[in-house]
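Enquirer: Need coordinates for the below:
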Amino acid sequence: MNSTLQTVLASQDNDHTSHTQVFERATGIPWNQSVPADYLGGRRLSVVIPAYNVDYCLAAVLDALDTQTYGRRFEVIVIDDASTDTTSKIIATHPAVTAGIRLPGRRGAATARNLGTVMAQGETVLYLDADMVLPSNTVADLAARATDHAVLTGFRHNLPHGVAPPAAGPDLAADHRVTWRPPVNRPLLYSGITLREPIDGRPLNHTRDFRDLGHGRFYYDWDLPRMVVTALLAVPRATVLDIGGFDGEFGRIGWGMEDTYLGACLIAAGLLVVPLRQAVGFHLDPPDAAQQWRHKLAAWPATLQRYRALLKAPAPSGQATALTTSMNTLLHSCEVLR
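Expert: Next comes the predicted model:
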């Protein structure tokens, strides 16, 4: 009988010290220092962006990709999840886009990312949200460090709609995985624990860059799968295909947990979760951010329930053929934008 995903997670370490040291010895560049402009090393990389009604920000996100300093070419695949605004027009006309596809009906970001992953030619897939503007060095820094053995996590600095990005660039401390001040006297959303006193949480620092989250351990409300956030995430494409990609059911239910489940499956497949502190993008909030957030939180209990159920199932593997077949079938019904 196969072990459950939760059991396998409890057996996996996340001490990535030797992994980062290999890169540093080979390049002479510290792990958390940017590579030089026009750096040519690293792996072939494909950026995959799911997009739904993001005409308020998508052009800025693509502009930033068009000005990356990485010396190697990389493809940008944008999947329009049946938007009702002018998102598809931006995809069809922006020069940074290598391939643009429009789904025939809304499927959710999980399915959009799966389709982009199957289409991708790179050894590494960089998942990027359609509202994340990247500094010019980010793609190079991720591509330079990508391997078959690591999930590279970046970070996000939220900007309210209409607020200009600070000239100093995005701030690592703005991410909740870096600076975290949870509520007291009510259950936390993920773990369900209740804190009775305020804490000054520092998940990234206090877990030694996630090393201490191996073997299924928690830092209050955080565990290792929850540190995997697809707003900015670089992963080996072959492993994503092997585990069957994202679970599309999360997109049907609502918001949340689809990237956490992907993280759990990648960790169970033996990958390390390694943060890259200089990989921080600006997350551009929509005009109706408060309303969207309330809508997302309303779906959280259902997506969390599905995630917990999947933890009791076997860790997925050997799913590449099935995923590729289903996505190629879907592709035949899509509109080619670019």
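Enquirer: For the rest of this, base every contact and every neighbour count on C-alpha atoms.
Expert: Will do.
Enquirer: Next, V125: secondary structure please.
Expert: Here V125 is recorded as strand under DSSP: H, G, I helix; E, B strand; the rest coil.
Enquirer: Return the set of residues that bridge with it.
Expert: S46, V235 (DSSP bridges).
Enquirer: could you pull out the helices for this structure?
Expert: 5-11, 17-27, 58-66, 87-93, 109-119, 138-145, 203-206, 237-242, 249-253, 258-268, 289-311, 320-331 (DSSP state H).
Enquirer: can you pull the buried residues of the third one?
Expert: In this case it means helix 58-66. By 16 or more other C-alpha atoms under 10 Å, the buried positions in helix 58-66 come out as L58, A59, A60, V61, L62, D63, A64, L65.
Enquirer: Please apply the same query to the first one.
Expert: For helix 5-11, a neighbour-count test (16+ other C-alpha under 10 Å) marks L5, Q6, T7, V8, L9 as buried.
Enquirer: starting at the chain centroid, how far to that helix?
Expert: With C-alpha atoms, centre = their mean, to the nearest Å as the basis, helix 5-11 stands 21 Å off its chain's centre.
Enquirer: Longest strand in this structure, please.
Expert: strand 272-284 (DSSP state E).
Enquirer: how far off helix 17-27 does it point, in degrees?
Expert: Orientation check (axes from the mean of the first three to the mean of the last three C-alpha atoms, to 10 degrees): strand 272-284 against helix 17-27 gives 80 degrees.
Enquirer: can you give me the strands in the stretch 101-250 of the chain?
Expert: Secondary structure of the stretch 101-250 of the chain (DSSP state E, counting those that start in this stretch): strands located at 124-128, 132-133, 150-159, 218-219, 222-223, 232-236.
Enquirer: can you give me the offset of the second one from its chain's centre?
Expert: Its chain's average C-alpha position is 12 Å from that of strand 132-133, according to C-alpha atoms, centre = their mean.
Enquirer: cool, the longest one as well?
Expert: Once both centres are worked out by C-alpha atoms, centre = their mean, strand 150-159 turns out to sit 7 Å from its chain's centre.
Enquirer: Which elements pack onto that strand?
Expert: Counting contacts by 3 or more C-alpha pairs under 8 Å, 6 or more residues apart in numbering; DSSP states H and E, strand 150-159 packs against strand 232-236, strand 272-284.
Enquirer: between the ones you listed, which gets nearest to D38?
Expert: Closest of the helices and strands packed on strand 150-159 to D38 is strand 272-284, at 16.7 Å (criterion: C-alpha to C-alpha).
Enquirer: where in the stretch 1-150 of the chain is pLDDT low?
Expert: Applying pLDDT under 70 to the stretch 1-150 of the chain picks out residues 1-2.
Enquirer: can you rerun that using 90?
Expert: Scanning the stretch 1-150 of the chain for pLDDT under 90 picks out the ranges 1-3, 41.
Enquirer: same question, the stretch 151-300 of the chain
Expert: Using pLDDT under 90, the flagged stretches of the stretch 151-300 of the chain are 162, 164, 251-256, 290, 292-293, 295-297, 299-300.
Enquirer: Now with 50, please.
Expert: Filtered on pLDDT under 50, the stretch 151-300 of the chain yields no residues whatsoever.
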